[in-house]
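Trainee: Whatever this is, show me its structure:
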Amino acid sequence: MLERLNQALDHLEACLDGEVDMAEVARIAAVSEYHFRRLFSALAGIPLPVYVRRRRMTLAGAEVLARDLTLLDIAVRYGYGSGEAFARAFRSVHGIGPGEARRTGAVLTAQPRMSFRVVVEGSTTMRYRIVEKESFRVVGRKARLPLVHEGVNAAAAAHLESLDEQDIVRMKELVGQEPDGILSAVVYLTDSREEGAEADYWIGVVTGPGVAAEGLDALDVRAGTWAVFDDHGPFPSGLQGLWRDVFTQWFPSNPYTSRAGPELLRTRPVEIGAETDSQLWIPVERVGGSAGA
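Mentor: Residues are numbered from 1 along each chain as shown. Predicted coordinates for the structure are as follows:
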């Protein structure tokens, strides 16, 4: 799969001076556009549109300094309908406008061209199973929080602390499906998984479809396929490492793509750094199969 991803990036690179058809880029990678965007973000650490803009402005910057074309010609070449729009994009990457850069010969910022490769580090294995699950409902409390890749997510911890005893008792009464017990659910608002991107974060339980929430928030989830990963390690670093490894190692090595839906986590709260068991549910679909929820 990494070979296909790199072929897709080659195609994207060839289209930087024109309109990039992301659906075609994803087709070359043999995944859905949705999955390609999420996989790229997980592998590269930045959203795909940000990478494309930085690469375009890297190439445009070289042409600005070369002085062979007018600034308007360069703007049009890289898909900008006006000099003003081009100048804004240029400044967002280089911290200086194209006119000033040309006059002063300023030092510009370059975004290197990316490619992906496998780096073998140790002999870690990932335990997983594939589950076909009927539609269900998550009932609990929701908050909009920033993503944190390493260390404690203070906003998530505060959300958990904000739950009152009645909420917790009511949730436990509604437990009715696997994964059982109180868990968290993350619904991403965009394709980005970069640090600080916002997501809807739930603390709740999995119940049957249509179960009355009675004062709690409810999230209805359609039927579909789930990859379930079991892990034992230090909290929260082990779990954050598992989440990263699923997207950077498991997906590129298995015939599945991610699909829209909440990512579920069941874990036992412990002191920071202590060992704990966790179970991560990722919504997936088989490559070449029908779409799920």
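Trainee: pLDDT score assigned to the most centrally placed residue in the chain?
Mentor: The residue lying closest to the centre of the chain (Cα atoms, centre = their mean) is residue 193, at 3.3 Å. With respect to pLDDT, residue 193 has a value of 72.
Trainee: Quick check: which element contains it?
Mentor: Using DSSP states H and E, residue 193 is not contained in any helix or strand.
Trainee: now residue 3: how far from residue 246?
Mentor: Distance, residue 3 to residue 246, by Cβ to Cβ, to the nearest Å: 20 Å. All C-beta spots, glycine's among them, are computed from the backbone N, C-alpha and C.
Trainee: what about the stretch 1-150 of the chain, any weak spots by pLDDT?
Mentor: Along the stretch 1-150 of the chain, the parts satisfying pLDDT under 70 run over 1, 117-126.
Trainee: Do you have the helices of it handy? List them.
Mentor: Applying DSSP state H, counting those that start in this stretch to the stretch 1-150 of the chain gives helices spanning 2-14, 22-29, 33-44, 48-66, 71-77, 83-94, 98-104.
Trainee: which one of residue 3 and residue 246 has more residues nearby?
Mentor: A direct count of neighbours by other Cβ atoms under 10 Å for residue 3 and residue 246 places residue 246 higher, at 22 against 11.
Trainee: So the more buried one is in contact with residue 280, correct?
Mentor: Yes - the criterion here is Cβ atoms under 8 Å, and residue 246 meets it with residue 280 at 7.1 Å.
Trainee: Spit out the contact partners of residue 215.
Mentor: Going by Cβ atoms under 8 Å, 6 or more residues apart in numbering, residue 215 touches residue 170.
Trainee: Adjust the sequence numbering to begin at 664 for everything that follows.
Mentor: Fine by me, first position is 664 from now on; the one you just mentioned is residue 878.
Trainee: separation between it and residue 713?
Mentor: Taking Cβ to Cβ as the measure, residue 878 falls 40 Å from residue 713.
Trainee: how many neighbours does residue 880 have?
Mentor: 15.
Trainee: okay, it: pLDDT?
Mentor: Confidence score, pLDDT, at residue 880: 90.
Trainee: Then residue 954?
Mentor: On the pLDDT scale, residue 954 is placed at 40.
Trainee: quick one on the thing from earlier: right, and the helices of the stretch 664-813 of the chain - which one's nearest residue 833?
Mentor: Closest to residue 833 of the helices of the stretch 664-813 of the chain, according to Cβ to Cβ: helix 696-707, at 33.3 Å.
Trainee: in terms of contact count, name the helices or strands touching the closest one.
Mentor: With contacts defined as 3 or more Cβ pairs under 8 Å, 6 or more residues apart in numbering; DSSP states H and E, the packing partners of helix 696-707 are helix 665-677, helix 685-692, helix 711-729, helix 914-916, strand 919-921.
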